[in-house]
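J.: I need the structure of the sequence given here:
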Amino acid sequence: QVQLVESGGGLVQAGGSLKLSCAASASIFSIIVMGWYRQAPQKQRELVASITSGGSINYSDSVKGRFTISRDNAKSTVYLQMDSLKPEDTAVYYCNVDVVRRGTFAPRYDYWGQGTQVTVSS
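T.: Numbers count the residues shown, from 1 in each chain. Now for the predicted structure:
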C-alpha cells in the first residue's frame, strides 16, 4: 500500500498563489509518475500536471504558465506551485502516484490522496 498525505489547500483571492504538497510513503515501491488532478463540482476529474521520475513534465493547457509541478525524489514528495489563480481553478485537488514494486517494471499500481480543497474567490 502507498499512503499519500496532501497539504496546502485553502482559500485565496484571484491572482493569488498557493502551494500544494503530497508526501508518499512507498517503501516497497518505486514511484514512476506523480501528479495532480482536480475535480470541480459537477465536472469530471481532470489532469492538472504530472512529472515522471526522470523529470518529464506534462501540464494541462488551462494551467500552463501559471502552475509549476516539481518533485523531490529523496522525499517522495510532489509539489504544485499555483500562481495567478483564477476562480475557475476552484476544485478539490488530488495527488496521484503510479508505482511498481521495487525491482520490477510491471504491473503498475495507481494510488490517490484524499483531496484538498482549493477555493479562489473573485
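J.: which residues in the chain form helices?
T.: In the chain, no helices are found when defined by DSSP state H.
J.: Distance check, T90 against R38.
T.: 9 Å (C-beta to C-beta, to the nearest Å). From N, CA and C alone the C-beta is placed, and that goes for glycine too.
J.: got any residues that touch both of these two?
T.: Common neighbours of T90 and R38, counting by C-beta atoms under 8 Å, 6 or more residues apart in numbering, are V118.
J.: If we ignore the residues flanking it in sequence, what's nearest the residue most central in space within the chain?
T.: Centroid-nearest residue in the chain: W36, 2.3 Å away (criterion: C-alpha atoms, centre = their mean). The shortest distance from W36 to any non-neighbouring residue, by C-beta to C-beta, 6 or more residues apart in numbering, is to V48 (4.4 Å).
J.: Tell me who's in contact with that neighbour.
T.: Contacts of V48 (C-beta under 8 Å, 6+ apart): 35-38, 59-60, 63, 67, 80, 93.
J.: Just the ones of those in strands?
T.: Judged by DSSP state E, strands contain the following of those: 35-38, 59, 67, 80, 93.
J.: Distance-wise, check the residue of the chain positioned farthest from its centre relative to I28.
T.: Largest separation from the mean C-alpha position in the chain: G103, at 25.1 Å (C-alpha atoms, centre = their mean). According to C-beta to C-beta, G103 and I28 sit 9 Å apart.
J.: Just the terminal-to-terminal distance for stretch 60-76.
T.: 23 Å (C-alpha to C-alpha, to the nearest Å).
J.: residues in contact with it?
T.: Residues from elsewhere that reach stretch 60-76 (C-beta under 8 Å, 6+ apart): 23-26, 31, 34-36, 46-51, 53, 55, 57, 59, 77-85, 88-89.
J.: Could you rerun that using 7 Å?
T.: Residues outside stretch 60-76 that contact it (C-beta atoms under 7 Å, 6 or more residues apart in numbering) are 23-24, 26, 31, 34, 36, 46-49, 51, 53, 57, 59, 78-84.
J.: What's the ChimeraX line that selects buried ones from those residues?
T.: Filtering the contacts of stretch 60-76 down to the buried ones (16 or more other C-beta atoms under 10 Å) takes a single ChimeraX command:
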select :23,24,26,31,34,36,48,49,51,59,78,79,80,82
